[in-house]
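**Student:** Would you be able to build a 3D model of this:
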Amino acid sequence: MDTSDAYIIRPNHRHKFKPAVVRECIREIVRERLSAAKYDPKEVSEQSRSLADCVRDKVKCAGFDRYKLVVQVVIGEQRGQGVKMMSRCLWDADTDNYAEDVFFNDSLFCVVTVFGIYYY
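**Tutor:** As a prediction, the model looks like this:
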């Protein structure tokens, strides 16, 4: 970061976190990597980590400068059960935002959430 960026406290419109763009990044990666996947409890940890890293890298390339990205991936076995998830954050409603997507196949479900927190 150079000194000319040091006092910017709001992102310009081009660089503001856009949930629709991020959701499309998530959707593309998850469907590509999990469409034919079968639930395996031994692989879920590495699968989740790998998905989170891949999503983070793709979202970073989308041009959200000065945003701290937090990616949460939950993968579970699909047995027809219901799952409820919630999260709570303290942030600036003018600059910070999130995007999420849910994926199901016959064997597993996956919920990916990306939080974009502006770095002042």
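**Student:** burial count for the closest residue in space to Y39 that isn't next to it in sequence?
**Tutor:** Distances taken as Cβ to Cβ, 6 or more residues apart in numbering put L108 closest to Y39, at 4.1 Å, once the chain neighbours are dropped. (Glycine included, C-beta is placed from N, CA and C.) Using other Cβ atoms under 10 Å, L108 has 19 other residues around it.
**Student:** Model confidence score at L108, please.
**Tutor:** L108 carries a pLDDT score of 96 in this model.
**Student:** V83 is in contact with that one, correct?
**Tutor:** No. Contact criterion Cβ atoms under 8 Å: L108 and V83 do not qualify, at 11.5 Å.
**Student:** returning to that earlier point: what separation is there between the residue nearest to Y39 and M85?
**Tutor:** Applying Cβ to Cβ, to the nearest Å, the value for L108 to M85 is 15 Å.
**Student:** got the residue ranges for the strands in this structure?
**Tutor:** 67-77, 97-104, 108-118 (DSSP state E).
**Student:** Need the winner for burial among the ones you listed.
**Tutor:** Each of the strands of the chain was scored by mean neighbour count; the highest is strand 108-118, a mean of 21, by mean count of other Cβ atoms under 10 Å.
**Student:** Quick check: which helices or strands does that strand pack against?
**Tutor:** Contact partners of strand 108-118 among helices and strands, from 3 or more Cβ pairs under 8 Å, 6 or more residues apart in numbering; DSSP states H and E: helix 19-34, helix 44-60, strand 67-77, strand 97-104.
**Student:** Sheet-wise, list the partners of the last one with their directions.
**Tutor:** Translated: strand 97-104. Strand pairing for strand 97-104, using DSSP bridges, gives strand 108-118 (antiparallel).
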